[in-house]
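Trainee: Take this sequence and fold it.
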Amino acid sequence: MKYFLLYIFILLSIPAMAQTDKKLTAKLQEAVSGFQGEYGIYVHHLKTGKTVSLNADTIFPTASMIKTGIQCAVMDKIEKGELQYNQKLVYRDSLLYAGEDILGSFKNGDTIQLSKVAMLMITMSDNTASLWLQKLVGGEYINNWLAQNGFKVFRVNSRTPGRQEQQKQYGWGMSTPYEMCRLFTMIHEGKAVSEAASERMYRNLIRIYWDENALSQIPPYVQAASKQGAVNQARSETVLVNAPHGDYVFSVMTNNIKDQRWTPDNEADQMIKKISALLWNYYEPHSKWKPAAGVDKFMKNE
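Mentor: This next block holds a predicted model:
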């Protein structure tokens, strides 16, 4: 009897995410057939526990998706009282990351609240804001937080001691589709840093400016938390959708793509849009929503 009860306990302890959605797997395999580059996809329907895993444990460059890890470390410092969410920071010209960032237009000596820098890092993907916050908490601190929370691969590489070789291969940061989804799920469930910190982070992640790819295939009245990452050779996106019939999270990551154009018809960007649309219609088959005719001219975010 003792062993029978132990057996039942083990069965009940097996996570629901171990169930593979074979039908959806086949649909996604067909959707990415012929893609010219490396790709990885992980999908998890949080209500049913069913998943799809296509190269989901393969390591890819995160590009700007590393900013979700930076955000967690900042919130951890705030939770410990080492930083304050609304404390004033003083901008210095040495912080500038050349580009079109909003913070890049600041003058030396200008002040801004940490909360606004964090908002710009996530919602606008402002690189100057991101590197400022990374410098504030430290790359090693970010990676220690990730390691302590069970992330085996997800790491920041640049401006972090001992990560030079990884930076050469993957750039600013590295992760897998599975681990990107795991972090989003932790934040969604209030398990990243603390319930309160997770709630604040989730609010930032649902206010993304860069909505022309995966988010464009989800109704604007449906809440979705997301983060995008894009460099010449890799375009990626992670999204957690608060869908009517059950939340789902997915991550599409790419590398060494053949089409490296910065145009709306880029092959990797189009694949991300295609996958997002496929997932929405799969999980919400009775939805009659479609992107409005002519909406593309309003989605040219730059």
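Trainee: Quick check: which element contains residue 254?
Mentor: Residue 254 belongs to strand 248-255 when assigned by DSSP states H and E.
Trainee: could you give me the average pLDDT of the next helix or strand after that strand?
Mentor: Using DSSP H and E, the next helix or strand after strand 248-255 towards the C-terminus is helix 267-283. Averaging pLDDT along helix 267-283 yields 98.
Trainee: try stretch 250-262
Mentor: Average pLDDT, stretch 250-262: 98.
Trainee: just stretch 94-112 next, same as before
Mentor: Stretch 94-112 comes out at a mean pLDDT of 88.
Trainee: quick one: the strands in the protein?
Mentor: 19-20, 38-45, 50-54, 60-61, 88-90, 111-113, 155-156, 173-175, 224-231, 234-241, 248-255 (DSSP state E).
Trainee: if we look at the fifth one, which residues are touching it?
Mentor: Just to be clear, that refers to strand 88-90. Residues from elsewhere that reach strand 88-90 (C-beta atoms under 8 Å, 6 or more residues apart in numbering): 109-114, 117, 132, 136. Backbone N, C-alpha and C define where each C-beta goes, glycine included.
Trainee: Direction included, what does it pair up with?
Mentor: Strand 88-90 has the following strand partners under DSSP bridges: strand 111-113 (antiparallel).
Trainee: Buried by neighbour count: which residues of the partner strand qualify?
Mentor: residue 112 (16 or more other C-beta atoms under 10 Å).
Trainee: ok, now stretch 183-195?
Mentor: Of the residues in stretch 183-195, 183-188, 192-193 count as buried by neighbour count, 16+ other C-beta under 10 Å.
Trainee: before we move on, what about stretch 114-133?
Mentor: 114-115, 117-133.
Trainee: And stretch 39-49, by the same measure?
Mentor: Using 16+ other C-beta under 10 Å as the test for burial, stretch 39-49 gives 39-46.
Trainee: got any ranges where the stretch 1-150 of the chain has weak pLDDT?
Mentor: For the stretch 1-150 of the chain, the stretches with pLDDT under 70 are 1-18.
Trainee: surely residue 112 meets residue 91?
Mentor: Yes: at 6.4 Å, residue 112 and residue 91 qualify as touching, with contact defined as C-beta atoms under 8 Å.
Trainee: how far does stretch 292-302 sit from the chain's center?
Mentor: How far stretch 292-302 lies from its chain's middle: 23 Å, per C-alpha atoms, centre = their mean, to the nearest Å.
Trainee: Make sure residue 45 is actually in contact with residue 51.
Mentor: Yes: between residue 45 and residue 51 a contact is recorded at 7.5 Å, counting by C-beta under 8 Å.
Trainee: Quickly list what's touching both of these two.
Mentor: Residues touching both residue 45 and residue 51 by C-beta under 8 Å, 6+ apart: residue 21.
Trainee: Touching, residue 122 and residue 69? I think so.
Mentor: No: using C-beta under 8 Å, residue 122 is not in contact with residue 69; the gap is 11.4 Å.
Trainee: just to revisit the earlier point, can you list the buried residues of stretch 183-195 in CSV and add pLDDT and distance to residue 148?
Mentor: Putting the buried residues of stretch 183-195 into CSV (pLDDT from 0 to 100; distance: C-beta to C-beta, whole Å) gives the following:
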residue, pLDDT, distance to residue 148
183, 98, 13
184, 98, 18
185, 98, 17
186, 98, 13
187, 98, 16
188, 98, 20
192, 98, 12
193, 98, 11
